[in-house]
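Student: build me a model:
(one chain, ligands or ions: 1)
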Amino acid sequence: MVKSIGKRIIFIAVFISGNGSNLKSLIKNFKNNSKIKISLVLSNNPNAYGLVYAKKNKIKNKIINYKRKKKAESIILNLLKKNKINIICLAGFMKILSKHFIKKFKKPILNIHPSLLPKYKGLNTHSRVILNKEKFSGCTVHLVTPTLDSGKIIGQKKVKIKKNENASKLSKRILKQEHILYSKTIRKFVSNLEKKI
Ligand code: GAR
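Tutor: Below you'll find the model as predicted:
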């Protein structure tokens, strides 16, 4: 895995399903980076607003029909190969990648999740955190494995919950931190990969 990356440009594919604010910040932060290039954006949702950012920045983008998951994943694997993608970054991608897909791709897949993993895996993290009267929440970047939100943690940011804060306000504050954490973690991850070569 590591050897195939080499000391050249690292091509990243970002997978989205919705607003794409994380994609927007990744594009901004890597725009002038000579080592890391976002070269492909995939969405399972044709109406994902994030596609606008890909188009604006002239990044190749594709909509993948996920009605038949097996077929969708096979199309994606071909696209990744054709575009020589080294790393996949999931950014609000609401489909679960199959074990087969992860095995076939062979290269790193990163995900950003809006909680302090291993706590609060899955959906509706912010409402569950508030309901449980937690003092802290945050966001986590982890490697993707076949078990949902369970791979190795490679970046995390803790956020203190304010008194009487609701889920919507908390989600906005955490999203801002996601935008900082994701780029920072990718940068560190790529430079660690290079050190190992
Ligand atoms: C982000 O909060 C991200 O952590 C979360 O969806 C949001 C996408 O926002 N991802 C998950 O919940 C994945 N399980 P964005 O589309 O504005 O980047």
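
Student: buried residues in stretch 155-173?
Tutor: 155-157, 159, 161, 165, 167, 170-171, 173 (16 or more other C-beta atoms under 10 Å). Heads up, the C-betas are built off the backbone N, CA and C, glycines and all.

Student: now this structure against the ligand: closest residue?
Tutor: Proximity of the chain to the ligand (C-beta to the nearest ligand atom) peaks at G92, 2.6 Å away.

Student: tell me the confidence at that residue?
Tutor: According to the prediction, G92 has pLDDT 98.

Student: doesn't it belong to a strand?
Tutor: No - if the criterion is DSSP: H, G, I helix; E, B strand; the rest coil, then G92 is coil and not within a strand.

Student: return the residues in contact with it.
Tutor: 16-23, 50, 112 (C-beta atoms under 8 Å, 6 or more residues apart in numbering).

Student: ok, and of the residues you listed, which contact the ligand?
Tutor: Residues of those in contact with the ligand (C-beta under 6 Å from any ligand atom): 16, 18-22, 50, 112.

Student: out of the residues you listed, who has the most neighbours?
Tutor: I16 (28 neighbours; other C-beta atoms under 10 Å).

Student: for that one, give the beta-bridge partners.
Tutor: I16 forms beta bridges with S43, as assigned by DSSP bridges.

Student: who is the residue nearest in space to the middle of the chain paired with across the strands?
Tutor: Of all residues in the chain, the one closest to the mean position by C-alpha atoms, centre = their mean is L90, 2.6 Å from it. Beta-bridge pairing of L90 under DSSP bridges involves F15, N111.

Student: might one say that it is in contact with H113?
Tutor: No - with contacts counted by C-beta atoms under 8 Å, L90 stays clear of H113, the gap being 9.1 Å.

Student: the helices in the chain, which residues?
Tutor: Secondary structure of the chain, counting by DSSP state H: helices at 2-5, 21-30, 50-56, 69-82, 99-105, 125-131, 167-196.
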